[in-house]
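J.: give me a model of this one.
(2 chains)
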Amino acid sequence: AQSVTQLGSHVSVSEGALVLLRCNYSSSVPPYLFWYVQYPNQGLQLLLKYTTGATLVKGINGFEAEFKKSETSFHLTKPSAHMSDAAEYFCAVSVKRDDKIIFGKGTRLHILP
Amino acid sequence: KAGVTQTPRYLIKTRGQQVTLSCSPISGHRSVSWYQQTPGQGLQFLFEYFSETQRNKGNFPGRFSGRQFSNSRSEMNVSTLELGDSALYLCASSLQGANTEAFFGQGTRLTVV
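T.: Below is the predicted model of the structure:
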């Protein structure tokens, strides 16, 4: 069965610094991979997704992620953190289009002034 | 277009009672998934309905059930509530499933006392 591990339940970065949130997945077949963001008292919003094709995926708000099959990773990055990026981020995996989407436990991103 | 609507937003119930939560998906979306979100556990998948049929199921006890109507609206029922059922219940709708973007509602916050 597929699964997702997010390294670090809390990550703090300074405003303007690089954001790196780590996600490793387990899947026996080529996966669909997702990053979602959740702001306080709101539902989740899709940041980006990988289904097939280009392994570097660009999303909203300047975020991007790279699918690395050899490392079973899908880390999320942003070159320069902004205060508005403070939120909880979830990595998720699915293995086919009619399958369930499984989420990691989330990483809360704190931005330091 | 209107987003995913979950009602009610907040609920307080007593142990042993039952509860029904409602989710109205985005118009045209046929897939509705339900998740339980608790601190430290992230989002745990409950079930997914597609065109009125349960297509995927998570590892929750039979006290958790759901259904989907012909207009794609979905309900989730929890019987014989336990304290541990206190959580944010999120609903997500998508056109077809994992290969299409999932849109989340703001959730129903259930407190069991």
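
J.: report the central residue of the chain.
T.: I'll assume chain A. residue A:35 (3.5 Å; C-alpha atoms, centre = their mean).

J.: that answer is for a different chain, and I need it for chain B
T.: residue B:34 (3.3 Å).

J.: tell me the contacts of that residue?
T.: B:23, B:45, B:46, B:47, B:48, B:66, B:74, B:76, B:89, B:90, B:91, B:92 (C-beta atoms under 8 Å, 6 or more residues apart in numbering or on different chains). C-beta: built from backbone N, CA, C; applies to glycine.

J.: neighbouring strands for the helix or strand where it lies, and are they parallel or not?
T.: If you go by DSSP states H and E, residue B:34 is part of strand B:31-38. If you go by DSSP bridges, strand B:31-38 pairs up with strand B:42-50 (antiparallel), strand B:87-94 (antiparallel).

J.: gap between it and the chain center?
T.: Centroid displacement of strand B:31-38 relative to its chain, using C-alpha atoms, centre = their mean, to the nearest Å, is 5 Å.

J.: got the buried residues for it?
T.: B:31, B:32, B:33, B:34, B:35, B:36, B:37 (16 or more other C-beta atoms under 10 Å in any protein chain shown).

J.: now do stretch B:34-51
T.: So, applying 16+ other C-beta under 10 Å, buried residues of stretch B:34-51: B:34-37, B:42-50.

J.: tell me the mean pLDDT for it?
T.: On average, the pLDDT along stretch B:34-51 is 92.

J.: send the alpha carbons of that stretch over as CSV?
T.: Output of stretch B:34-51 as CSV, limited to C-alpha atoms (Å, rounded to 0.1, in the frame of the first residue of the first chain):
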residue,chain,number,x,y,z
TRP,B,34,-14.0,12.3,3.4
TYR,B,35,-11.0,12.7,5.8
GLN,B,36,-10.6,12.9,9.6
GLN,B,37,-8.0,15.5,10.7
THR,B,38,-6.6,15.4,14.2
PRO,B,39,-3.4,17.1,15.6
GLY,B,40,-0.4,14.9,15.0
GLN,B,41,-2.2,12.4,12.8
GLY,B,42,-2.7,14.6,9.8
LEU,B,43,-5.5,13.6,7.4
GLN,B,44,-6.8,10.1,7.6
PHE,B,45,-8.8,8.8,4.7
LEU,B,46,-12.3,7.6,5.6
PHE,B,47,-13.9,6.8,2.2
GLU,B,48,-14.6,8.1,-1.3
TYR,B,49,-17.8,8.0,-3.3
PHE,B,50,-18.0,8.3,-7.0
SER,B,51,-21.4,8.4,-8.8
